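[1] Pasted the sequence and its predicted model underneath.
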2 protein chains.
Amino acid sequence: MFSKTCQYAIKAVIYIHKQSLEGKKVGAKEIGQEIDAPDAFTAKILQVLVRQHVVGSFKGPTGGFYVDKSHEFKTLKDVVLAIDGDQLFQGCSLGLNQCSEQNPCPLHFEIVKVRSNIHYMLTSKSLKQLAEEVGDGSTVLARLA
Amino acid sequence: MFSKTCQYAIKAVIYIHKQSLEGKKVGAKEIGQEIDAPDAFTAKILQVLVRQHVVGSFKGPTGGFYVDKSHEFKTLKDVVLAIDGDQLFQGCSLGLNQCSEQNPCPLHFEIVKVRSNIHYMLTSKSLKQLAEEVGDGSTVLARLA
DNA sequence: ATCATAAAGGATAAAAGTATCCTTTATTAT
DNA sequence: ATAATAAAGGATACTTTTATCCTTTATGAT
Ligand code: FES
Ligand code: FES
């Protein structure tokens, strides 16, 4: 459903939000450790997320990744779009050159429903809410091996 | 959502069903052309589907791929399981070592709903029905470039 | 000013997924 | 029996994704 890169991205963004709730900036290394992803690779992913304004970053000592008011309306959908693009939302699930209502593939009409669910999943909760759920322990970003 | 290989597999199986409706066996080459997939690669995928008893095959002249009574309860879900495995159905969408209700990732409870939709999509219609829809032109397996 | 820190960027490398080609085996038609 | 056909299998190549490492740039602390 999501590329491995995108899974990392989702977890990273939620973790950044969680730390930003406490006003903390976090480094790529720490993020990688917290979400159980290789840190150099995590850093690469974060570069993309910063370019797409999903999160902010600051260089130098006391630097790191964070979110502020300017990111408050970003959702998981923006994360997915930034990393995996719009294939999941726009493309034909069977790989036809485009998804078309007039010339549908055998899965089209069911896929439309699935997509609607996925869209809801990725937009209904704010990243802040998701971060709070991790904060209070009701969900987790990593698990012991 | 599905690997490219799996997209090919789904289209191939539906096409085989379509031809079997008319009692015809079909070769890998023809299948590849009809579903717009490389034929040698299509042949490889078909080997897996045959091993998993999703379709049948017969060697030699007049040979080819087909389905009969023994395949009548196979669904698209079996195709996806044969090619992509159970990651889509059982795995954690965020890549945690396993999906767990007790220790859920932030997307878990929404993913459960999405999965239920996907499961329905892949099991509610028989492969025969899907083949008929392609047969009567209401859906398509390929489109002109 | 200098140094330490952390993100950004570039260059590779390793692994997985996708694709091609050639040989072997089973089956049919002659 | 022989030749032709088509799937099965094996080896190899190409591409994309995932991952690592090293250098450069920006910033803050001293
Ligand atoms: S045409 Fe295939 S999903 Fe719409
Ligand atoms: S724990 Fe992640 S999907 Fe269930």
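    Received, thanks. Just so we're clear, the structure is a prediction, and the values are computed from it rather than from any experiment. Ligands and ions are numbered 1, 2, ... in the order given.
[2] okay, CA-based contacts and neighbour counts for the rest of this
    Fine.
[3] and the helix or strand that contains A:Ile10, anywhere near DNA strand C?
    Under the assignment given by DSSP states H and E, the secondary-structure element containing A:Ile10 is helix A:4-21. No: applying Cα under 7 Å from any atom of the strand, one finds helix A:4-21 out of contact with DNA strand C, separated by at least 10.1 Å.
[4] Okay, buried residues for that helix please.
    Residues of helix A:4-21 classed as buried: A:5-21 (neighbour count, 16 or more other Cα atoms under 10 Å in any protein chain shown).
[5] What parts of chain A come near chain B?
    Where proximity means Cα under 8 Å from any Cα of the partner chain, the interface of chain A facing chain B comprises A:1-2, A:4, A:7-8, A:10-11, A:88, A:93-97, A:103-107, A:110-111, A:113-114, A:117-118, A:121, A:130, A:133-134, A:138-143, A:145.
[6] Restricted to buried residues, select those in PyMOL.
    Applied in PyMOL, the following selects the buried portion of the residues of chain A next to chain B according to 16+ other Cα under 10 Å:
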select buried, chain A and resi 2+7+8+10+11+88+93+94+95+96+103+104+105+106+107+111+114+117+118+121+130+133+134+139+140+141+142
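[7] Next up, the contacts around A:Leu141.
    With contacts defined as Cα atoms under 8 Å, 6 or more residues apart in numbering or on different chains, the neighbours of A:Leu141 are A:Lys11, A:Tyr15, A:Glu34, A:Ile35, A:Val134, B:Leu96, B:Cys105, B:Pro106.
[8] What separation do you get for the residue lying closest to the last one once chain neighbours are set aside and ligand 2?
    To tie it back to what came earlier, the one meant is B:Pro106. For B:Pro106, ignoring the flanking residues on the chain, the nearest one in space by Cα to Cα, 6 or more residues apart in numbering or on different chains is A:Thr139 at 5.3 Å. Separation of A:Thr139 from ligand 2 (Cα to the nearest ligand atom, to the nearest Å) stands at 8 Å.
[9] can you pull the pLDDT of the closest residue to A:Gly95 other than its chain neighbours?
    Of all residues beyond its chain neighbours, the one nearest A:Gly95 is B:Gln7 (6.6 Å), with distances taken as Cα to Cα, 6+ apart. Confidence per residue is given as pLDDT, and for B:Gln7 that number is 98.
[10] now A:Ala145
    A:Ala145 carries a pLDDT value of 62.
[11] Please enumerate the helices of chain A.
    Assignment of helices within chain A using DSSP state H yields the ranges A:4-21, A:28-35, A:39-51, A:76-84, A:87-90, A:108-123, A:127-135.
[12] and the angle from the first one to helix A:76-84?
    Here helix A:4-21 runs at 140 degrees with respect to helix A:76-84, directions being taken by axes from the mean of the first three to the mean of the last three Cα atoms, to 10 degrees.
[13] what sits against A:Ile16?
    A:Lys25, A:Val26, A:Ile31, A:Phe65, A:Tyr66, A:Val67.
[14] again, 6 Å this time
    Residues touching A:Ile16, when contacts are defined by Cα atoms under 6 Å, 6 or more residues apart in numbering or on different chains, comprise A:Tyr66.
[15] picking that back up, so which of the helices of chain A comes closest to B:His53?
    Across those, B:His53 has its closest neighbour in helix A:108-123 (25.4 Å, Cα to Cα).
[16] Give me the contacts around that closest one.
    With contact meaning Cα under 6 Å, 6+ apart, helix A:108-123 is reached by A:Thr75, A:Leu76, A:Lys77, B:Glu110, B:Val114, B:Asn117, B:Met121.
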